[in-house]
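Visitor: Here is the input, now give the coordinates:
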Amino acid sequence: MAIDLKGLSAAELEALAKKIEVRKVEVESEAKKSAYAEMLAIAEKHGVAFEEVIALHGGKGRKSSAKAPAKYANPADRSQTWSGRGRKPAWVHEALEAGKSLEDLEI
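Guide: Numbers count the residues shown, from 1 in each chain. As a prediction, the model looks like this:
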């Protein structure tokens, strides 16, 4: 299926892009409904309630974990902390460039 986009104006392309986004959402929704129906059928085939299967596996996806405790603090402002995870804050970069080590910043 080929669509000649060269003959379309900017407004026509924008309208087409909006229609595409709407259709993508519809297709995704249809796929989810179809998958759900299939899962219900499989649960019924095995003689169990689908909700019980979901409950067995913790319900809705991955559980969010608690925020990691702070390991490092800014010597100039002790309220600025960092757990050691993720990107280093600017104050950590500045301290390292000034010759300090991570051990010097530990709480």
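Visitor: Would you tell me which helix is longest in this protein?
Guide: Ranked by residue count and defined by DSSP state H, the top helix of the chain is helix 10-45.
Visitor: And it, what's buried?
Guide: For helix 10-45, burial by neighbour count (16 or more other Cβ atoms under 10 Å) applies to Ala43. In this view, the C-beta of every residue, glycine as well, is placed from N, C-alpha and C.
Visitor: and if you look at stretch 70-82?
Guide: For stretch 70-82, by 16+ other Cβ under 10 Å, it's 72-74, 81-82.
Visitor: which other residues reach it?
Guide: Contacts to stretch 70-82, defined as Cβ atoms under 8 Å, 6 or more residues apart in numbering, come from residues 83-84, 88-89, 91-92, 95, 100, 102, 104-107.
Visitor: Just the buried ones among these, please.
Guide: 91-92, 95, 105.
Visitor: Go through these and name the one nearest Leu40.
Guide: Leu40 lies nearest to Val92 out of the buried ones among the contacts of stretch 70-82, by Cβ to Cβ, at 50.8 Å.
Visitor: and the gap between that closest one and Glu103?
Guide: Distance, Val92 to Glu103, using Cβ to Cβ, to the nearest Å: 12 Å.
Visitor: Show me the contact partners of the worst-scoring helix or strand of the chain on mean pLDDT.
Guide: When each helix and strand of the chain is scored by mean pLDDT, DSSP states H and E, helix 50-56 comes last, with a mean of 85. The contact list for helix 50-56 (Cβ under 8 Å, 6+ apart) reads 39-40, 43-44.
Visitor: All set, thanks.
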